[in-house]
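Colleague: from the sequence below, what's the structure:
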Amino acid sequence: MRTAFWLAGATALALAGPAYAGDTIKIGFVSTFSGPTAVIGNDMRNSFELALDHLGRKMGGKPVEVIYEDDGQKPDVGKQKTEKLVQSD
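Modeller: The predicted structure follows:
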C-alpha cells in the first residue's frame, strides 16, 4: 500500500510540473476507485483531498484542479488513462 501511495504522489508531482505554467495547476490522479480494492484508491483520494483542503486548495499561490481517473485495477486501462491525462487534460 505504501508503494501505491508513493507512486500516486510521484505521478501527481510529475504531472503537476508541466501544468504549473498556467493560472491553474492541474494534477492527474490515476488509481483504482472501483472493484474489490477500491478502498485503497478511495483512501488515497480522500487523503489527497484532505491535504489540498489543508493548503487552501492552492499550491504556490495558484488554485489546484485535480482530475481523477479510475483504472478499474487494470494496468492497460491505467496506462491509457495516464496517457490521456498527459496528452489532453
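Colleague: make it CA atoms for all contacts and neighbour counts henceforth
Modeller: Will do.
Colleague: what about the residue nearest the centre of the chain, distance to residue 51?
Modeller: Among the residues of the chain, the one closest to the centroid is residue 29, at 1.7 Å (C-alpha atoms, centre = their mean). With distances taken as C-alpha to C-alpha, to the nearest Å, residue 29 is found 14 Å from residue 51.
Colleague: just to check, the residue nearest to the centre of the chain is in contact with residue 71?
Modeller: No. Judged on C-alpha atoms under 8 Å, residue 29 makes no contact with residue 71 at a distance of 10.1 Å.
Colleague: number of residues surrounding residue 31?
Modeller: 26 (other C-alpha atoms under 10 Å).
Colleague: which residue packs closest to residue 30, ignoring adjacent ones?
Modeller: residue 69 (4.8 Å; C-alpha to C-alpha, 6 or more residues apart in numbering).
Colleague: check contacts around the one you found.
Modeller: 28-31, 81 (C-alpha atoms under 8 Å, 6 or more residues apart in numbering).
Colleague: report the buried residues of the helix or strand encompassing it.
Modeller: Residue 69 is part of strand 62-70, with elements assigned from DSSP states H and E. Buried residues in strand 62-70, defined by neighbour count with 16 or more other C-alpha atoms under 10 Å: 64, 66, 68-70.
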